[in-house]
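Trainee: A structural model of the following input is requested.
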Amino acid sequence: MSGLSQDLVSQCKKKLIEAKAEILNRVRESRQDLYNNEDAKGGDEGDQTMRALAESEFLSMHERLRKQLMEIEMALGRIERGIYGICEETEEQIEVERLLAIPWTRLSIEGAEIRESMKRRYAR
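Mentor: Below you'll find the predicted structure:
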């Protein structure tokens with residue numbers, strides 16, 4: 001296990017499970033809202049445009065939530081493997097405050113800065 005206390009890991013695991021449940025509920029609710037609005041077929045061009053915009057917004061939100069859910073699942077996997085809280089970039093322990101704020105994070109602040117500078121360097 002990483003150098004994190006068992007209490008901290010348990011606290012982060014609880015936050016991860018709560019975040020996962022919240023995301024799944026949001027997806028379920030937004031899917032129901034979208035399908036409930038599907039019943040109102042027809043309408044004028046403005047109505048059809050609004051439905052298309054709502055569907056596009058739903059798909060964008062769904063993709064963001066799917067990515068966040070993947071990050072949460074990976075963090076839970078790291079907890080199970082005993083490597084939770086280790087930065088993928090620097091292989092150092094991630095800051096406790098950062099883990100409490102973003103329990104699915106894979107990078108320390110330094111690691112995130114390194115990744116960002118690499119993205120900027122190769123984006124040119």
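Trainee: any idea which helix or strand carries the spatially most central residue of the chain?
Mentor: Ranked by distance to the mean C-alpha position of the chain (CA atoms, centre = their mean), the top residue is Q68 at 1.7 Å. Per DSSP states H and E, Q68 falls inside helix 45-81.
Trainee: so how far is that helix off the chain centroid?
Mentor: In terms of CA atoms, centre = their mean, to the nearest Å, the gap separating the centre of helix 45-81 from the centre of its chain is 9 Å.
Trainee: on that earlier part again, what score does the residue nearest to the centre of the chain have for pLDDT?
Mentor: Q68 is assigned a predicted lDDT (pLDDT) of 96.
Trainee: now it: how far from R106?
Mentor: 13 Å (CB to CB, to the nearest Å). C-betas here are computed from N, CA, C, even on glycine.
Trainee: Any buried residues in stretch 107-120, and which?
Mentor: In terms of neighbour count (16 or more other CB atoms under 10 Å), stretch 107-120 has its buried residues at 107-108, 111-112.
Trainee: show me where pLDDT drops low in the protein?
Mentor: Applying pLDDT under 70 to the chain flags residues 1-2, 37-42, 124.
Trainee: I figured R26 was touching L65, is that so?
Mentor: Yes: using CB atoms under 8 Å, R26 is in contact with L65, at 6.4 Å.
Trainee: show me what contacts H62?
Mentor: 27, 30 (CB atoms under 8 Å, 6 or more residues apart in numbering).
Trainee: ok, now how distant is the residue in the chain sticking out farthest from the centre from D33?
Mentor: Distance from the centre of the chain peaks at D44, with 37.0 Å (CA atoms, centre = their mean). Taking CB to CB as the measure, D44 falls 21 Å from D33.
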